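Asker: I would like the atomic coordinates for the input below:
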Amino acid sequence: MVVIYAEKVSLAKEIAHALDAGKRIPLKSEPTVGYYEFTFNGESAVLCHGVGHLAQLVPAKSYDEKYEKWDLEIYPCIPHNRQGKTGSKFSVS
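Answerer: Now for the predicted structure:
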């Protein structure tokens, strides 16, 4: 099986059109999320797209409380180990 992931809905539409993937299939539980099923080079394929941010940086105050308010004396905040978190709107299971 071939899986193609597009970062945005609009990109998925363009790829689907170029690959003649047919109509988008919305999820019943969340209509803003959808996918395309089609055949690509003789294999079954799925084209899906993201909704929102899959990952993001944590706020500066997560590194140290002194970064909670903007202060030119202590900025820039350049952490030695960057922290990130997954997007909160949807989860992958």
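Asker: Kindly state the pLDDT recorded for Leu47?
Answerer: In this prediction, Leu47 carries a pLDDT score of 97.
Asker: Toward the C-terminus, what is the element adjacent to the helix or strand hosting it?
Answerer: Using DSSP states H and E, Leu47 maps to strand 43-49. Downstream of strand 43-49, the next assigned helix or strand under DSSP H and E is strand 55-57.
Asker: Which parts of the protein are strands?
Answerer: 2-6, 25-26, 34-40, 43-49, 55-57, 84-86 (DSSP state E).
Asker: Which residues does the shortest one contact?
Answerer: What it means is strand 25-26. By CB atoms under 8 Å, 6 or more residues apart in numbering, the residues outside strand 25-26 that reach it are 32-37. The way it works is simple: take the backbone N, C-alpha and C, and place the C-beta from them, glycine included.
Asker: so what strands line up beside that strand?
Answerer: strand 34-40 (antiparallel) (DSSP bridges).
Asker: Repeat that for the first one.
Answerer: Strand pairing for strand 2-6, using DSSP bridges, gives strand 43-49 (parallel).
Asker: Any idea which of the strands of the chain gets closest to Cys77?
Answerer: Checking the strands of the chain against Cys77 by CB to CB gives strand 55-57 as the closest, at 10.5 Å.
Asker: Now tell me which helix or strand of the chain has the poorest mean pLDDT.
Answerer: strand 84-86 (a mean of 73; mean pLDDT, DSSP states H and E).
Asker: tell me which residues in that strand are buried?
Answerer: For strand 84-86, a neighbour-count test (16 or more other CB atoms under 10 Å) marks nothing as buried.
Asker: can you tell me how far the residue nearest in space to the middle of the chain sits from Ile4?
Answerer: By CA atoms, centre = their mean, the chain has its centre lying nearest to Leu54, at 3.6 Å. In this structure, Leu54 and Ile4 are 16 Å apart, going by CB to CB, to the nearest Å.
Asker: hmm, back to that, need the per-residue pLDDT for the residue nearest to the centre of the chain.
Answerer: 73.
Asker: Can you check the pLDDT for the residue sitting furthest away from the middle of the chain?
Answerer: Distance to the chain centre peaks in the chain at Glu73, reaching 34.9 Å (criterion: CA atoms, centre = their mean). You'll see Glu73 listed with a pLDDT of 83.
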